[in-house]
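Asks: Sequence first, then the predicted structure, then my questions.
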Amino acid sequence: MAEREHVQITGVHALSALGRGTDALLAGVLAGAPAFAPVRRFDTTNRRVTVAATLPEVGTLADELAAAVDAACRAAGLDRAHRAESALFLATHGGPLSLPAPSGVDGGSEVPALAGHLARRCGLGGRTRVYTTACVSASTALADAATLLGRGDLDRVVVAAGYLVEPDQYALFDAGRAFAADGAVRPFSAGRQGLLLGDGIAAVVLESAAAARRRGATPLAAVAGWGRAGDAYHPCQPDPRGHGLARAVAAALRRAGLPAEAVGYINANATGTPYSDASEAAALRVAFGRRAGRIPVSSTKSVHGHALEASGLLELVVTVLALRHGKLPVNAGFLGPDESCPLDVITDAPRPAATAHALTLNAAFGGANTALLVGAQ
């Protein structure tokens with residue numbers, strides 16, 4: 001039996017500037033109305049760019065992650081005993097809004113302490129792992145969880161990820177002139193100027209098919225395949241030929257045992273930066289050949305912003321929701337085609353999802369690339 005048949009998604013939850021819960025997330029990405037607005041959470045007076053996609057009222061990162069994990073577990077129908085058997089894989093970099101540090105929290109590094117805090121708070125009794133590998137943190141966590149479930153090492157993993165826009169990372173990106181000065185994210189578009197940050201909290205319950213079947217769970221989707229590859233090209237810039245990301249896509253298809261023709265939608269990493277979007281388009285041409293220009297593509301970062309370590313999981317949830325509801329999200333901010341990105345970008349309105357399989361792609365500084373292949377149930 002192939003690994004892909006063992007890995008089921010049985011519960012999801014998400015928060016972004018589009019609102020709380022999966023209904024708000026789906027409605028927002030289908031509407032294609034960007035959530036970017038002036039930042040009120042901290043002072044941006046001396047910043048070049050002063051907008052992000054933030055939810056007006058949020059708690060600490062610990063509180064929001066705990067609420068998301070609990071909601072995903074409830075959506076999956078996990079009782080106390082099932083939670084006690086579940087591992088927690090957490091992707092985040094922590095930061096000022098992370099752990100409230102109440103008495104009784106384990107000492108040590110902030111992110112491992114946060115994982116332990118969440119596991120106890122949500123009744124998860126299995127092992128914990130933490131991922132702080134930049135913008136592929138969440139997708140790497142999910143790929144590791146799927147691997148362990150497929151091998152039979154674990155029955156159930158809750159993958160959680162979180163980023164709340166905060167002043168330190170904001171200042172770094174602004175100083176590096178990575179932000180879009182026009183206040184809009186325009187993936188794959190002519191005239192694109194850069195990225196913008198956004199809040200993102202997500203939790204997903206993954207189970208082996210046998211574990212889900214034993215408790216009578218109804219899967220929402222399957223993680224059919226996953227792939228990871230490095231560029232080994234530059235500390236910050238992706239390989240302009242897209243070879244690393246193309247290898248990750250090929251690995252996901254190979255693990256799934258599916259041909260490239262099976263992919264009917266791509267939720268792209270595209271951040272709206274000139275260099276990286278062109279590199280991703282090149283990767284898709286390597287992976288799919290001439291068909292790359294006929295596969296519907298969108299980047300929902302154009303609506304909810306870049307959630308850094310949490311992006312991979314937030315965008316996986318978007319992809320699952322899109323397949324289940326039969327509608328593909330809008331790529332907002334599009335001004336016109338760019339010859340370096342000859343893709344079938346979804347603009348103006350959602351499209352019908354005439355596909356059972358979709359890819360969601362992520363990339364990070366250091367040349368890390370991930371591809372997750374989702375199958376409808």
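Replies: Noted; the coordinates are in hand. Here the structure is a predicted model, which is why all the values come from computation and not from measurement.

Asks: Would you check that A87 makes contact with G126?
Replies: Yes. The pair A87 / G126 is scored as a contact, 3.5 Å apart, by CB atoms under 8 Å. Just so you know, the C-beta spots here come from the backbone N, C-alpha and C atoms, and that holds for glycine as well.

Asks: list residues touching both of the two?
Replies: With contacts defined as CB atoms under 8 Å, 6 or more residues apart in numbering, the residues shared by A87 and G126 are 154, 156-157.

Asks: Just the ones of those residues in helices?
Replies: For the shared contacts of A87 and G126, membership in helices holds for none, with DSSP state H as the criterion.

Asks: Which of those residues fall in strands?
Replies: Judged by DSSP state E, strands contain the following of these: 156-157.

Asks: Please report which of the shared contacts of A87 and G126 has the highest neighbour count.
Replies: V157 (28 neighbours; other CB atoms under 10 Å).

Asks: Confirm A287 sits in a helix?
Replies: Yes. Checked against DSSP: H, G, I helix; E, B strand; the rest coil, A287 lies within a helix.

Asks: if I look at H82, how far off is L118?
Replies: When distance is defined by CB to CB, to the nearest Å, H82 is 17 Å away from L118.

Asks: more neighbours, these two?
Replies: Taking other CB under 10 Å, H82 and L118 do not tie; L118 has more neighbours (26 against 21).

Asks: Report the buried residues of the one helix or strand that one maps to.
Replies: Here L118, judged by DSSP states H and E, is contained in helix 110-122. Judged by neighbour count (16 or more other CB atoms under 10 Å), helix 110-122 contains these buried residues: 110-120, 122.

Asks: Redo these as JSON lines? Include pLDDT.
Replies: What follows is those, written out as JSON lines (pLDDT from 0 to 100):
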{"residue": "E110", "pLDDT": "78"}
{"residue": "V111", "pLDDT": "83"}
{"residue": "P112", "pLDDT": "86"}
{"residue": "A113", "pLDDT": "87"}
{"residue": "L114", "pLDDT": "90"}
{"residue": "A115", "pLDDT": "93"}
{"residue": "G116", "pLDDT": "93"}
{"residue": "H117", "pLDDT": "92"}
{"residue": "L118", "pLDDT": "95"}
{"residue": "A119", "pLDDT": "97"}
{"residue": "R120", "pLDDT": "95"}
{"residue": "C122", "pLDDT": "97"}
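
Asks: Who does A371 form a beta bridge with?
Replies: When assigned by DSSP bridges, A371 has beta-bridge partners G227, L361.

Asks: With L328 instead?
Replies: According to DSSP bridges, the partner residues bridging L328 are R351.

Asks: tell me which helix or strand of this structure sits lowest on mean pLDDT?
Replies: Ranked by mean pLDDT, DSSP states H and E, the helix or strand of the chain with the weakest confidence is helix 110-122, at a mean of 91.

Asks: helices or strands up against that one?
Replies: Contacts of helix 110-122 with other secondary structure elements, assessed using 3 or more CB pairs under 8 Å, 6 or more residues apart in numbering; DSSP states H and E, are made with helix 61-76, strand 87-91, strand 128-131.

Asks: Quickly find the element holding the residue positioned nearest the centre of the chain.
Replies: Centrality entry for the chain: nearest residue to the mean C-alpha point is G312, 2.0 Å, by CA atoms, centre = their mean. With elements delineated by DSSP H and E, G312 resides in helix 311-325, which encompasses its position.

Asks: What are the buried residues along that helix?
Replies: 311-324.

Asks: one step back: adding distance to P187 and pLDDT, write the shared contacts of A87 and G126 out as TSV.
Replies: TSV is the format used below for these (distance: CB to CB, whole Å; pLDDT from 0 to 100):
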residue	distance to P187	pLDDT
L154	35	96
R156	34	98
V157	30	98
